[in-house]
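Engineer: For reference, the sequence and a predicted model appear below.
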Amino acid sequence: MNRDYIEITGARVNNLKNISLKIPKKKITVFTGVSGSGKSSIVFETIAQEAGRQLNETYSKFVQGFMPKYGHPDVDEIKNLSLAIIVDQKRIGGNSRSTLGTITDINPLLRLLFSRVGEPHIGPSNYFSFNDPNGMCKTCEGIGKIMTLDLTKSLDINKSLNEGAILLPGYKPGTWQWKMYALSGFFDVDKKIKDYSEDEYQKLVYGKAEKINSIFIEGMNSTYMGLVEKFISQYVKTEYEKSEANMKKIAPYTMQSVCHDCGGKRYNDTVLSVKLKGRNISEMTALQVDELLEIIKEIKVPSVQPVVNNLAERLNDLIQIGLDYVSLDRETSTLSGGESQRVKMVKHLTSSFTDIIFIFDEPSIGLHTRDVHRLNDLLTKLRDKGNTVIVVEHDPDVIKVADHIIDVGPLAGHHGGQIMFEGSYDNLLKSDTLTGKYLQKHLPIKTASKTPDQFYETSVSTLHNLKGAKLRVPKGLFTVVTGVAGSGKSTLVNGVFVKEHPEAVVIDQSAVSANLRSNPATFTGIMDEIRKQFATENNVSAGLFSYNSEGACESCKGRGFIETDLSFMDSVDTECEDCGGKRYKQEVLGYKYREKTIVDVLDMTISEAVEFFHQKEITGKLKHIVDVGLHYMTLGQPLDTLSGGECQRLKLAKELSKKGNIYIMDEPTTGLHMSDITSILKIINHLVEKGNTVVVIEHNLDIIRNADWIIDMGVDGGTRGGEVLFEGPPEELKKCERSITAKYI
């Protein structure tokens, strides 16, 4: 038995046509093919699913109850599997206590260094953690931010106390909370707040706790506090008041501000007094990774040399993967999908595992062409440690580094699910596949650019790494914002432009719906029309053709499966026997429209449905979905099964008939095959022709070459970025010597 290959026999998951293939172990294998061809069905829903399922079965049933659930993939046999680790684009997320330093385990090494050689010496390494009571700032509890009152929303300075100047819930004139201020003796209750002296205003808003004669019972004491102090003691410092209902009630009157005690540094004064190379731990973690590495290398103390070397290696890994511009104090929730994936890669690089299957989902996302070689070096490094590396990818530069390529196709949906090619990169170029043909094509630079006459502008900004940059977007044109990762593109577009132009429509890659009852037919609004056609044809109620209403199978309530709760063992989903997974009760399947049942219709692909229906209100909306390259989806496909790129394109389909909007998209080529780039360009140009303004953040060179207008950010990432280097038509960009993008288009 040859153990050098992962062998798959008879895979039928989703659209796979009973395929069999061999994937070489301890090599880099790249899966290529158009969106919806079946790449993910092989890699994620067959290989990763079965590896996860078999691993889970090694644990007790009790432990399995706490682990992710994996079903049996529809495959005859998989041989020679190893443990599989999926490195996907899901954002790391996490709360305010999770930073790049904590998630990569670099912070513990830095803490150890400070506890050993920091001056003055104060204690063990846990003192240098903002998540430890010994290290954190007591006021903000190590978060660096506090929730406080937004005075613009809590106080109407044009009114007096008697007129209801305090806008907070429970402070209307006459209430006991209002009396605490109105009857305190400190204020003229008929005087408008704007006319208060500085002392009076400070007393009302920021006054510290002090005892006063009770305003309710003579001879008793009451405690007076200014509005802000009262709010913090009532809602921030006490667990009792932190109920969901209370927090919801006060949310409109609050804002987050930097902690006034630690200045956002997260640590207490004792910890901040300890210095290493002239910096405290907060200043160290605020440095860019590449700057921090230089300082760490300067530490020449023999007793901590192993710690220094380990720290330097991990920082260098972050730099090698193109994250030199980030800082360790960056909250993980602010990392993009591409950045999150690269952070996960670095975590796995430091492990000593071998013979693991590493699975990557489009790792080139968010990387400028200049930096793709860094990614390739990392994939090679993982392979050379004795691991099997499987990559789903569209980027030609990543495909090039593969030892073995498997092309899936020929097209998407029902027209895909077959293996079109297996072999080397050179042989793929000679093959007659869609991927082979398009790897050698690239679009020319647009030369007939339109000249803009009006602009949407932002104010000058220094947000994050911006160096007094402003964005000028030409009205009614297609603008591409370019630049290396970390140069400030997203900050300027999403952080500044969107806030100053709230009318802009952001079409992002977030989930369209996490609900298994939502599908393309309900999302586009055509489901009502489809039900109406069935109801009219059969002279029955339209509600019968909804599995969320009277048409639902009574056994599974329209879900298509029955969930059996096995107490502390895994709950098991089994196909509903009464409806056979069709979700409708039996009588509904007796009604037909043009020889098709409602189930037949929901099983149609979007392109089949366009041919089947004649009603303009249905076909018009479906054609837009075809235009954005999602023709292979079925009408009834649950929306929680869509990738980020598919979600973005589905949202885009909804906008194709609108006029006069500003549309903002971040990397719309995510998940798109090279052959689909021309389609996305057609859609963008269609939007522009209808009088819309389109702004796209993108690294794909064909998209960049076809813009009407380019805004290039740089020069590099992080502190070396934040400038607008170039504004103008694409053919002019080549003359911009400072631009890194110019060297590649």
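Structural biologist: On my side now, so go ahead.
Engineer: so Asn18 makes contact with Ile8?
Structural biologist: No - using Cβ atoms under 8 Å, Asn18 makes no contact with Ile8, being 10.8 Å away. (Each C-beta comes from the backbone N, C-alpha and C, glycine too.)
Engineer: Can you pick out the residue with more neighbours from these two?
Structural biologist: Ile8 (23 against 13; other Cβ atoms under 10 Å).
Engineer: Low-confidence stretches in the stretch 1-150 of the chain?
Structural biologist: Residue ranges of the stretch 1-150 of the chain with pLDDT under 70: 1.
Engineer: could you pull out the strands for it?
Structural biologist: Remark: strands assigned in the stretch 1-150 of the chain by DSSP state E, counting those that start in this stretch are 5-11, 19-24, 28-32, 75-79, 84-87, 145-149.
Engineer: now those strands as a markdown table including distance to Asn700?
Structural biologist: A markdown table is the format used below for these (distance: least, Cβ to Cβ, whole Å):
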| stretch | distance to Asn700 |
| --- | --- |
| strand 5-11 | 31 |
| strand 19-24 | 28 |
| strand 28-32 | 16 |
| strand 75-79 | 34 |
| strand 84-87 | 22 |
| strand 145-149 | 37 |
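Engineer: what's the most buried one of those strands?
Structural biologist: Of all those, strand 28-32 carries the top mean neighbour count, a mean of 25, counting by mean count of other Cβ atoms under 10 Å.
Engineer: just for the stretch 451-600 of the chain, where's the confidence low?
Structural biologist: Low-confidence segments of the stretch 451-600 of the chain, defined by pLDDT under 70: 514-515, 565-572.
Engineer: how about the strands of it, start to end?
Structural biologist: Per DSSP E, counting those that start in this stretch, the stretch 451-600 of the chain has strands spanning 455-457, 472-474, 478-482, 505-507, 561-564, 572-575. These are given in chain order.
Engineer: The stretch 301-450 of the chain now?
Structural biologist: Counting by DSSP E, counting those that start in this stretch, the strands of the stretch 301-450 of the chain are 357-361, 388-392, 404-409, 418-423.
Engineer: Mind putting those into JSON lines with mean neighbour count and distance to Ser643?
Structural biologist: Shown next, in JSON lines, are the strands of the stretch 301-450 of the chain (neighbours: other Cβ atoms under 10 Å; distance: least, Cβ to Cβ, whole Å):
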{"stretch": "strand 357-361", "mean neighbour count": "23", "distance to Ser643": "8"}
{"stretch": "strand 388-392", "mean neighbour count": "25", "distance to Ser643": "10"}
{"stretch": "strand 404-409", "mean neighbour count": "24", "distance to Ser643": "15"}
{"stretch": "strand 418-423", "mean neighbour count": "18", "distance to Ser643": "21"}
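Engineer: before we move on, the earlier item: nearest to Thr482, of the strands of the stretch 1-150 of the chain?
Structural biologist: Thr482 lies closest, by Cβ to Cβ, to one member of those: strand 28-32, at 25.0 Å.
Engineer: who does Gln256 bridge with?
Structural biologist: Met147 (DSSP bridges).
Engineer: Could you tell me the model confidence score at it?
Structural biologist: We have a pLDDT of 87 for Gln256.
Engineer: Next: Tyr240.
Structural biologist: Value listed for Tyr240 in the pLDDT field: 43.
Engineer: How about Gln440?
Structural biologist: 87.
Engineer: these two touch, right, it and Leu429?
Structural biologist: Yes - proximity of Gln440 to Leu429 meets the contact threshold set by Cβ under 8 Å, at 6.5 Å.
Engineer: Neighbour count: these two, which is higher?
Structural biologist: Set Gln440 next to Leu429 and count neighbours by other Cβ under 10 Å: Leu429 wins out with 14 against 9.
Engineer: distance between the ends of stretch 176-189?
Structural biologist: Stretch 176-189 stretches 15 Å from its first residue to its last (Cα to Cα, to the nearest Å).
Engineer: Likewise for stretch 256-269?
Structural biologist: 22 Å.
Engineer: Stretch 366-377 now?
Structural biologist: 17 Å.
Engineer: Quick one: mean pLDDT for that stretch?
Structural biologist: 90.
Engineer: got the buried residues for that stretch?
Structural biologist: Along stretch 366-377, these residues count as buried under the neighbour rule (16 or more other Cβ atoms under 10 Å): Gly366, Leu367, His368, Thr369, Arg370, Asp371, Val372, Arg374, Leu375, Asn376.
Engineer: Just list the residues touching the second one, thanks.
Structural biologist: Leu367 makes contacts with Gly322, Gly338, Arg374, Leu375, Ala485, His699, as judged by Cβ atoms under 8 Å, 6 or more residues apart in numbering.
Engineer: and what of the fourth one?
Structural biologist: Contacts for Thr369 were tallied using Cβ under 8 Å, 6+ apart; they are Asp397, His699, Leu701, Tyr744.
Engineer: The first one: what's it in contact with?
Structural biologist: By that I understand Asp397. Ser364, Thr369, Val372, His373, Asn376.
Engineer: for the stretch 1-150 of the chain, what spans make up the helices?
Structural biologist: Using DSSP state H, counting those that start in this stretch, the helices of the stretch 1-150 of the chain run over residues 39-42, 49-56, 61-64, 100-103, 107-117.
Engineer: Near Ser679, how many other residues are there?
Structural biologist: By the criterion of other Cβ under 10 Å, Ser679 has 16 neighbours.
Engineer: Check it and give its pLDDT.
Structural biologist: 87.
Engineer: Strand 478-482 and whichever strand or helix holds it, what's the angle between them?
Structural biologist: Ser679 belongs to helix 677-689 when assigned by DSSP states H and E. On the basis of axes from the mean of the first three to the mean of the last three Cα atoms, to 10 degrees, helix 677-689 is oriented at 120 degrees to strand 478-482.
Engineer: Gly590: neighbour count?
Structural biologist: Neighbourhood size, Gly590 [other Cβ under 10 Å]: 8.
Engineer: mind listing what it touches?
Structural biologist: Residues counted as contacts of Gly590 (Cβ under 8 Å, 6+ apart): none.
Engineer: try Glu200
Structural biologist: For Glu200, the contact set (Cβ under 8 Å, 6+ apart) comprises Phe186, Phe187.
Engineer: Now with 10 Å, please.
Structural biologist: Phe186, Phe187, Asp188, Lys191, Ile193, Gly207 (Cβ atoms under 10 Å, 6 or more residues apart in numbering).
Engineer: cool, and Glu577?
Structural biologist: Cys553, Ser555, Cys556, Ile562.
Engineer: Surely the second one is in contact with Lys582?
Structural biologist: Put plainly, it is Ser555. No - in this structure, Ser555 is not within contact of Lys582 by Cβ atoms under 10 Å, at 11.5 Å.
Engineer: Just want to check the distance between the closest residue to Lys22 other than its chain neighbours and Asn80.
Structural biologist: Nearest non-adjacent residue to Lys22, counting by Cβ to Cβ, 6 or more residues apart in numbering: Tyr5, 4.1 Å away. For Tyr5, the distance to Asn80 equals 6 Å [Cβ to Cβ, to the nearest Å].
Engineer: same check, this time on Tyr224
Structural biologist: From Tyr224 to Asn80 the distance is 75 Å (Cβ to Cβ).
Engineer: of those two, who's got more company?
Structural biologist: Shown here are Tyr224 and Asn80; by other Cβ under 10 Å, Tyr224 has more neighbours (19 against 15).
Engineer: can you tell me the distance between the two ends of stretch 291-308?
Structural biologist: For stretch 291-308, the first-to-last residue distance is 15 Å (Cα to Cα).
Engineer: Now do the shared contacts for Ser555 and Lys582.
Structural biologist: Counting by Cβ under 10 Å, 6+ apart, the residues touching both Ser555 and Lys582 are Cys576.
Engineer: The two: which is more packed in?
Structural biologist: Using other Cβ under 10 Å as the criterion, Ser555 and Lys582 rank with Lys582 on top: 22 against 13.
Engineer: for the stretch 601-745 of the chain, what spans make up the strands?
Structural biologist: Going by DSSP E, counting those that start in this stretch, the stretch 601-745 of the chain shows strands at 662-666, 693-697, 709-714, 723-728.
Engineer: Run through who's touching the first one.
Structural biologist: Residues outside strand 662-666 that contact it (Cβ under 10 Å, 6+ apart): 336-337, 366, 456, 473, 475-476, 478-479, 481, 489-490, 493-494, 497-498, 501, 503-509, 648-649, 651-652, 655, 680, 684, 687-688, 692-698.
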